[in-house]
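>>> Sequence plus the predicted model coming up.
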Amino acid sequence: MIILLTGESGCGKTTLCQRVVATLRARGANVAGVLSLPRFARGEKIGMDVADVRTGERVALAERVATGAGTANLAWKFDDAGLARGAQILRAAPPCDVLIVDELGPLELVHHVGWIGALDILRARNYRAALVVVRPSLLENFQARVKLEMQVLTITRSNHAELFKQIVQALA
């Protein structure tokens, strides 16, 4: 089973993933994969770290830059070592009960770099369930590439509690 979590930027996708991971781990599930954790300064998102769900280890993944100056003209400059570490974590994740992939974005689904290997890992199905974060504008692209049955859930600022219960119940 794949749960595809989608929603606009800043609506709480990663926060929800963190809550799901903590709850499932507390229940004894083997949860593995990556979280893309934001770094803030003065209330503004200035960077992201990749975190290993199993160990909690965090390494720098990206820094906010002026539009057009980042990797592939994104508003982020990605760290090659952080991307490589995230890919390594994903390759080592299966087998597991629940695979977490937060997130697959334009880097993977438009530019075919970054954690593109996650698509093969998902298709291999060496996990009981997966929770994958994808932006709304990339949903069709992701679904066409993975070609597996999945449940799409859209998070908003007002439905966190409801989605949390639904996801934990489905993945537990």
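Structure's in. What do you need?

>>> Do a quick rundown of the helices in the protein.
Using DSSP state H, the helices of the chain run over 13-26, 80-92, 106-109, 117-124, 139-146, 160-171.

>>> Check the chain for me, the residue farthest from its geometric middle.
Distance to the chain centre peaks in the chain at residue 42, reaching 24.7 Å (criterion: Cα atoms, centre = their mean).

>>> thinking again about what came up before, which of the helices of the chain has the highest mean neighbour count?
helix 106-109 (a mean of 20; mean count of other Cβ atoms under 10 Å). Where you see a C-beta, it was placed from the backbone N, CA and C, and this is true even at glycine.

>>> just for the protein, where's the confidence low?
Scanning the chain for pLDDT under 70 picks out 66-74.

>>> center of it, which residue is that?
Note on the chain: the residue nearest the mean C-alpha position is residue 102, at 0.7 Å, using Cα atoms, centre = their mean.

>>> I figured it hits residue 17, correct?
Yes. The pair residue 102 / residue 17 is scored as a contact, 4.8 Å apart, by Cβ atoms under 8 Å.

>>> What's the local residue count around the residue lying closest to residue 7 once chain neighbours are set aside?
Closest residue in space to residue 7, ignoring its immediate chain neighbours: residue 155 at 3.8 Å, by Cβ to Cβ, 6 or more residues apart in numbering. Each residue near residue 155 was counted by other Cβ atoms under 10 Å, and the total is 22.

>>> Report the contact partners of residue 155.
5-7, 11-13, 16, 163 (Cβ atoms under 8 Å, 6 or more residues apart in numbering).

>>> switch to 6 Å and redo it
Counting by Cβ atoms under 6 Å, 6 or more residues apart in numbering, residue 155 touches 7, 11, 13, 163.

>>> Share the number of residues neighbouring the first one, please.
It stands for residue 7. Here the number of neighbours of residue 7 (other Cβ under 10 Å) works out to 20.

>>> and what of the second one?
Here the number of neighbours of residue 11 (other Cβ under 10 Å) works out to 17.

>>> Distance-wise, check it relative to residue 159.
Separation of residue 11 from residue 159 (Cβ to Cβ, to the nearest Å): 9 Å.

>>> now swap in the first one and tell me
Between residue 7 and residue 159 the computed distance is 9 Å (Cβ to Cβ).

>>> Buried residues, stretch 42-56. List them.
With burial defined by 16 or more other Cβ atoms under 10 Å, the residues of stretch 42-56 counted as buried are 47-54.

>>> Just give the nearest non-adjacent residue to residue 14, would you?
Leaving aside its sequence neighbours, residue 14 sits nearest to residue 102 (Cβ to Cβ, 6+ apart; 5.6 Å).
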